[in-house]
Every structure is written in structure tokens, then in C-alpha cells.
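J.: I'll drop the sequence and a predicted model, then ask my questions.
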Amino acid sequence: MSTIVVDHLSKIYPVAVKEAGFKGTLTHFFKRTYRQVKAVQDVSFQIESGEVVGFLGANGAGKTTALKMLTGLIHPTSGRVEVAGHIPFQRRSTFLSKVTLVMGQKQQLIWDLPALDSFKINGAVYGISDRALNHRVGELSEMLSLQGKLTQPVRKLSLGERMKAELLAALLHEPNVLFLDEPTLGLDVNAQVAVREFLREYNQRYGATVLLTSHYMADITALCKRVLMIHQGQLIYDGSLDRLVDRFSPCREVKVEFARPYSAHELSVYGDLQDVEKQSARFLVQQEGLTGAIAKILADLQVVDLTVSDPPIEEVIGQLFQAGTVAG
Ligand SMILES: Nc1ncnc2c1ncn2[C@@H]1O[C@H](COP(=O)(O)OP(=O)(O)OP(=O)(O)O)[C@@H](O)[C@H]1O
């Protein structure tokens with residue numbers, strides 16, 4: 001059974017336009033003109049109970065807007081959304097008790113209080129008994145390896161511990177539909193892995209349905225078999241991650257530091273040049289040509305350091321769009 005049903009969903013934001021200067025301010029004051037930002041355009045998909053789905057798109061593609069409509073924070077301009085059998089924007093308590101939204105860049109825990117105190121406040125808001133709350137905190141803090149960290153003020157926790165405590169707070173009411181917007185944003189690699197492992201275990205233990213956005217491809221590959229890809233508000237891909245990667249010959253990111261400066265013109269023959277600074281450069285190189293490209297860079301140029309990594313997901317997506325390899 002589909003837990004999430006999105007049917008021809010659109011969101012248009014009216015944005016006031018103001019011309020520069022005093023005249024512009026005066027005109028704006030008396031008669032406002034608006035332009036329309038089509039943040040989400042005619043998007044349809046369904047997510048089955050227990051699925052973990054990655055929601056991909058470059059900055060400004062419309063992911064957060066879609067998540068806000070799915071959680072009832074904003075009203076769609078048109079189309080229909082149903083989550084766990086509810087219309088989100090009605091904000092019924094039966095709906096709110098089933099879903100949670102975690103935004104990596106926003107925090108709900110109170111900075112100067114121990115996380116445990118914030119949990120008690122959340123518990124009261126959701127009407128969770130002390131006994132049930134203690135049990136839930138014990139279970140989740142064990143899964144998140146947070147024991148002993150919940151009685152110190154949140155400001156004293158590391159970023160990774162704080163994100164885990166944020167997750168704990170967001171899951172106290174036992175939601176089974178999780179909307180996660182960049183849950184690993186800014187975390188170091190170990191903390192990213194810990195959060196990922198937790199999400200996998202939570203999904204398996206509680207059969208939770210998860211829709212996840214992340215700029216870290218590793219989050220998506222570790223957790224999601226299926227991905228939705230949104231571009232300029234439109235859904236351009238809905239299918240398996242494997243098929244997406246198969247369809248696009250993956251690139252690697254090659255960062256090089258040189259002993260002397262080279263011009264962009266000189267460097268452009270070694271790969272798809274992304275940035276050049278004084279004595280460093282960053283390329284995207286197709287996987288199959290990687291060894292040859294590195295050998296040529298090392299042979300031709302005065303290299304001090306060279307690293308190869310996965311490119312940021314936005315660039316992978318950007319490449320996909322440029323190459324026109326992803327069709328609707
Ligand atoms: N409240 C708003 N008013 C006007 N325009 C908005 C508003 N919120 C978002 N937008 C615009 O809608 C578009 C989609 O934004 P959204 O935040 O949904 O993208 P996103 O995919 O989540 O991006 P990011 O990865 O950068 O968070 C962007 O052009 C953005 O500027």
C-alpha cells in the first residue's frame with residue numbers, strides 16, 4: 001500500500017518585484033507587482049510503506065518545497081498529496097503523530113538545556129507518558145550511541161552528537177514516515193556513517209517509510225534503492241539508483257596541487273576543468289579515462305599533491321542534465 005501519494009503537485013511562490021532606487025521603493029509601496037517562482041511543477045509519484053527513497057536535485061530544484069507540502073507546512077498551489085492516509089495541510093493530530101521532518105540546517109533542541117529536558121518538552125507536546133518516554137529515549141539513545149550525552153547542555157555536544165540528538169527528538173513520538181532534509185549536512189565522515197547506520201536500522205526495526213534528501217551521494221547509495229530526481233521543479237527521474245548510475249558513466253573528481261601556476265587553457269586538455277586557483281585545479285574525469293588522465297597529469301605537470309574522490313552530487317546531477325542522459 002502506498003504511504004505517500006503525490007498527484008500532479010505544484011507550488012508557485014509569488015515574489016514581489018521591486019525596482020531599484022527611491023522611485024522603485026515608492027512604486028513598490030503603493031502598487032506591488034509580483035513574479036511567479038514555479039518551485040514544484042506537476043510532480044507525481046507514490047512511495048510504498050517501508051521504502052527508503054532518495055530525493056535528488058541541485059540547489060533550488062524544489063526539494064525542500066516538496067517536503068514542506070508533504071509535511072503540511074505549506075499548502076500546494078494545485079495537485080494532491082496524501083501521507084499515511086491524511087491530507088498533510090489539514091495538520092490533524094493523527095497525521096502529526098505519524099510523521100516527522102528533520103532539517104539538517106535547523107535545530108529544535110534548546111541550546112543551553114540538556115537534550116533530555118527538550119525531550120521532556122516534546123514528550124509533553126505529543127502526550128507521551130513519562131514511562132513511555134523513558135523507554136523510547138533509552139531505546140533510541142542506545143541505537144544512536146548517545147548514552148551519557150543527554151544530560152549535558154546541547155551546546156557542549158559535538159556536531160555529530162547534536163545531529164543524533166536532533167534525530168532522537170524528532171523520533172520520540174514513534175513516527176513511521178520520516179522526511180529527512182540533509183540529515184548529515186556538515187558532519188564529519190564518521191558521524192555521517194553513524195547517522196546512516198542509524199537510519200538503516202530504524203527503517204528495518206520499525207518498517208518506517210523514509211524520503212531523504214542529501215548532497216552526499218554516499219548517503220543515497222548506502223540507504224536508497226530508488227531515487228526521485230527533481231530539476232527546476234519537475235520530476236525528471238523516478239527509478240532505481242542502479243539504473244541511474246548505469247545510464248550515466250560516473251565521473252570522479254580529481255584535485256591537483258601544482259608546484260607552479262598553470263593557465264586554464266593549459267589544464268583544459270586533462271579533463272573537464274571545474275576550478276583553477278593559483279596553483280591548484282579541480283577536474284571531473286570520466287571513470288573509464290581516469291587512469292590515463294592521472295598518468296598524463298603526473299607526466300606533463302609539476303604536481304605536489306593529487307586526490308581522487310566522488311564529485312559533489314550536484315555536479316553529478318549537473319553533468320546528467322548537460323549530457324541530457326536523464327529523460328522524464
Ligand atoms: N518562500 C519562498 N518564496 C519564494 N521563493 C521561494 C521560497 N522558498 C523557495 N523558493 C524558491 O523556490 C525554488 C525551490 O526552492 P527549494 O528550497 O524548494 O529548493 P531545494 O531543492 O530544497 O534547494 P536546496 O538544495 O538549495 O535546499 C527556488 O528557486 C527558491 O528560490
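T.: Looks like it arrived, so ask away.
J.: what is the biggest helix by length in the chain packed up against?
T.: In the chain, taking DSSP state H as the definition, the longest helix is helix 189-206. Counting contacts by 3 or more Cβ pairs under 8 Å, 6 or more residues apart in numbering; DSSP states H and E, helix 189-206 packs against strand 52-56, helix 130-143, helix 159-171, strand 177-181, strand 209-213, helix 217-223. In this view, the C-beta of every residue, glycine as well, is placed from N, C-alpha and C.
J.: now do the longest one against helix 159-171, angle only.
T.: Helix 130-143 runs at 140 degrees relative to helix 159-171, counting by axes from the mean of the first three to the mean of the last three Cα atoms, to 10 degrees.
J.: give me the angle between helix 130-143 and helix 189-206.
T.: Angle, helix 130-143 to helix 189-206, by the same axes, to 10 degrees: 130 degrees.
J.: neighbours of Glu174, how many?
T.: Using other Cβ atoms under 10 Å, Glu174 is surrounded by 15 other residues.
J.: wait, a helix at it?
T.: No. Counting by DSSP: H, G, I helix; E, B strand; the rest coil, Glu174 is not part of a helix but coil.
J.: Phe89 - how many residues pack around it?
T.: 15.
J.: where's it relative to the ligand, distance?
T.: Separation of Phe89 from the ligand (Cβ to the nearest ligand atom, to the nearest Å): 16 Å.
J.: what residues are up against Gln192?
T.: 184, 216, 218-219 (Cβ atoms under 8 Å, 6 or more residues apart in numbering).
J.: at the contact with the ligand, which residues of this protein appear?
T.: Taking Cβ under 6 Å from any ligand atom as the measure of proximity, the chain contacts the ligand at 13, 15, 37, 39, 57, 59-65.
J.: sorry, back to before: which of the contacts of Gln192 are buried? Put it as a PyMOL command.
T.: Per 16 or more other Cβ atoms under 10 Å, the buried members of the contacts of Gln192 correspond to this PyMOL selection:
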select buried, resi 184+216+219
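J.: among the contacts of Gln192, which one lies nearest to the ligand?
T.: Distances from the ligand to the contacts of Gln192, taken as Cβ to the nearest ligand atom, are shortest for Tyr216 (12.4 Å).
J.: does that closest one really touch Asp188, like I thought?
T.: No. Using Cβ atoms under 8 Å as the test, Tyr216 is too far from Asp188 to be in contact (11.6 Å).
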